[in-house]
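> Just need the structure, nothing else, for what follows:
(one chain, ligands or ions: 1)
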Amino acid sequence: MSESVKRAFEGVKLFPFWLDNPAAPDVERELIGPTTADLVIVGGGFTGLWAAIQAKENDPKLDVVLIEAGKIAYGASGRPGGIISTSVMHGLPNATRVFPKDLDVLERLGQENLDGFKEALVRYGIEADVEWNGEMTVAVEE
Ligand SMILES: Cc1cc2nc3c(=O)[nH]c(=O)nc-3n(C[C@H](O)[C@H](O)[C@H](O)COP(=O)(O)OP(=O)(O)OC[C@H]3O[C@@H](n4cnc5c(N)ncnc54)[C@H](O)[C@@H]3O)c2cc1C
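Sure, this is the predicted structure:
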């Protein structure tokens, strides 16, 4: 790390912002011994948590068990840069490179994904300090 980079990071806490919250709920009790469930979800990141919520939305009576090896949202889900966009492919150039024939579908899914995200924030009253600032793509080479 160069001196200027070190200086820029002076006083910076190198820990994910999202996980550094004293108001975080306590860890749930550990699952010990055998159990039964209608649905078992492995992994408590965004994917697993949303799967659990959707399963309960579809059928509130469903007995759902979610198993997490470490801590909830301690994997990738605790570390995002906080960027929300309509892209499900890390940007149009990447989508064009990988799935050139499916751009329409990818764009539609991306928009549906973002709409669903917005809707869920309202439905669950989640205070996520979201700012809808739009998106800018900058050319970094000719
Ligand atoms: C540095 C970084 C920045 C990012 N920035 C953004 C961003 O700005 N915007 C964006 O949209 N996306 C971003 N992403 C991507 C996004 O965070 C991930 O796509 C998303 O969090 C993946 O969620 P997941 O639930 O699939 O995986 P994870 O969050 O990794 O969850 C998987 C969980 O499964 C658990 N697990 C694994 N195996 C087992 C097992 N056998 N038993 C029990 N539990 C198990 C793990 O402990 C983990 O908690 C970023 C990712 C990173 C790493």
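> Pro16 and Arg79 touch, don't they?
Yes. Judged on C-beta atoms under 8 Å, Pro16 makes contact with Arg79 at a distance of 4.8 Å. For the C-beta atoms, the positions are set from N, CA and C on the backbone; glycine is no exception.
> for Ile41, helix, strand, or coil?
strand (DSSP: H, G, I helix; E, B strand; the rest coil).
> For Leu114, see how far away it is.
Distance, Ile41 to Leu114, by C-beta to C-beta, to the nearest Å: 24 Å.
> Where do the strands of the chain begin and end?
Along the chain, counting by DSSP state E, strands occupy 39-42, 64-67.
> Check which helices and strands the last one sits against.
The helices and strands touching strand 64-67, judged by 3 or more C-beta pairs under 8 Å, 6 or more residues apart in numbering; DSSP states H and E, are strand 39-42, helix 46-58.
> would you turn the ones you listed into CSV with mean pLDDT, mean neighbour count and distance to Asp129?
What follows is the helices and strands packed on strand 64-67, written out as CSV (pLDDT from 0 to 100; neighbours: other C-beta atoms under 10 Å; distance: least, C-beta to C-beta, whole Å):
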stretch, mean pLDDT, mean neighbour count, distance to Asp129
strand 39-42, 98, 14, 27
helix 46-58, 96, 14, 17
